[in-house]
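*Asks:* heads up, no residue letters with this:
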C-alpha cells in the first residue's frame, strides 16, 4: 500500500528531497476518495531544517504505519491519511502564507507544525481567539505544534495545541535535579547565556529560568547575550570567566551553543553544571562542538535509547542514515497518533460540506484528551491552555555521545 503524502512548497516555488519517497499523485481528499487530509508545515530547508526535518520524518513514519495498518476509521469506513507538507523555512511571513493556504485552498482537516515559536505565533495569530464568538472572524482549524516551546504560545487560541510539553516545568525540574545532584545548597555563581534574537530563547529566560532563580532568591552573577548567527564570542566568555560560574544556563540553540562553548574551552571556562533547552537536542552539537560541549544537560520527551522508542529509532536510522534521533522525531510521530485518536473519536463525516463542522469536532476532541496513552505507554492530558502535561527525561552530552542523565523511574544515571 502506498502512503499518500506530498511535499509541496507553493510559496517558495521549489521542492526538495530529504531521502523520502513522496507520492507522485495528489488526490482530492474526502470520504468519497477514501482519504483524510492533514496539513504539515516545518522548516525543511535552511539552517532550521536541523529541527524541521527530524520532526517531519517522525510524522511520515507514523503516517506510513497507520496507512499500512488500514488507515483511520471515519464514519464506519477506513480511509488513508494524506499528509500535505510545506516548507516554512522558519520564516514568519512564509508561515502565515502557508497556514492560510492549508486552511483555505488545501481544505485540510487539521494543521500540524511548526517548530520555531516565532513562526508558530505568527500562524496561530490567524486563529479565532474566542470560541463561539460570532464577531471573531479568526480561522477555525485545529492546529497542533509538535515542537514549538515558547512559554504560553498555545494560549494564543482555543484552536491551538502542542505536545512538546511545558518548558517552565522542564527547567524548574532540571534546576532542582541539579541541586540535588550536587548535594544541595545554593549556587555560588550563576551565569546566563541568552540568544537574544530568538523568541523561544528569550521567552525561556524571561518566563522560566528567571522565575526559577527568583524563587531561590538568586540573580545571575553575569548575563551575556549573543545572536544565533554570531561567530565571535570572546567578549562574552571573558565576562563569564571572571564570574567563575558553577551553574551556566544556556538559553540558546545549537548554532550559538557550539560557538560559545568552543570559546569557553579556549578560555578554560568549565562550569560544573550546564543546563540547556531543547535547542541543544541536535547531533550538530557533538559533530561541530566536539569535547567543548561536554556536560550540557537538556530536557527530552523520548530519549532515543529508551526501549519504547527503539522501533522508531531503527526506522529513522534506516531512512536517514543518522546515528542519533532527536526527541523532535518522536514528537512528530506521537503527534500524528494524537490526531488519529482525535479524528477517530470525534464523530466526523469527512465530507466537503461538513468540513467546518468536522474541524470543530476534532478541536473539541483534542481539548477533551485526558490520560490518553501514547505510543510509549505514558499518559497525556490536554490542559485548558492547550498544552499537554507529560513526564520528561534529561539527557547529557558526555564522552562524545548523548546519554540519559535522569529518568523519572530510574533516577540519576551514572556512566
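*Replies:* All right, it came through fine. Remember, it's a predicted structure, so these values are computed and weren't measured experimentally. Numbering: from 1, shown residues only.
*Asks:* Now find how far off-centre stretch 145-163 is within its chain.
*Replies:* Put simply, stretch 145-163 sits 10 Å off its chain's centre (Cα atoms, centre = their mean, to the nearest Å).
*Asks:* residues of it that come out buried?
*Replies:* 145-154, 156-163 (16 or more other Cβ atoms under 10 Å). In this view, the C-beta of every residue, glycine as well, is placed from N, C-alpha and C.
*Asks:* With stretch 218-226 instead?
*Replies:* Buried positions in stretch 218-226, judged by neighbour count with 16+ other Cβ under 10 Å: 218, 220-226.
*Asks:* so for that stretch, what's the average pLDDT?
*Replies:* Mean per-residue pLDDT for stretch 218-226: 98.
*Asks:* now do stretch 382-402
*Replies:* On average, stretch 382-402 scores 94.
*Asks:* you'd agree residue 192 is in a strand?
*Replies:* Yes - read with DSSP: H, G, I helix; E, B strand; the rest coil, residue 192 is one of the residues of a strand.
*Asks:* give me the number of residues near it?
*Replies:* 23 (other Cβ atoms under 10 Å).
*Asks:* same question, the one 10 residues further on
*Replies:* The number of residues packed near residue 202 is 18, by other Cβ under 10 Å.
*Asks:* And stretch 122-137, end to end?
*Replies:* 16 Å (Cα to Cα, to the nearest Å).
*Asks:* next one: stretch 311-326 to chain centre, how far?
*Replies:* That offset, for stretch 311-326, works out to 17 Å (Cα atoms, centre = their mean).
*Asks:* Oh, that last question was meant for stretch 241-252, not what I typed.
*Replies:* Here stretch 241-252 is found 25 Å from its chain centre; the criterion is Cα atoms, centre = their mean.
*Asks:* got the residue ranges for the helices in this structure?
*Replies:* 49-68, 92-103, 117-124, 167-181, 199-203, 210-215, 234-243, 254-267, 284-289, 310-320, 327-345, 355-367 (DSSP state H).
*Asks:* what residue ranges in the stretch 51-200 of the chain score low on pLDDT?
*Replies:* Applying pLDDT under 70 to the stretch 51-200 of the chain picks out no residues at all.
*Asks:* Contact partners for the nearest residue to residue 395 once chain neighbours are set aside?
*Replies:* Counting by Cβ to Cβ, 6 or more residues apart in numbering, residue 395 lies nearest to residue 300, which is 4.9 Å off, once chain neighbours are set aside. Listed by Cβ atoms under 8 Å, 6 or more residues apart in numbering, the contact set of residue 300 reads 278, 281, 327, 392-395.
*Asks:* Cool, thanks, signing off.
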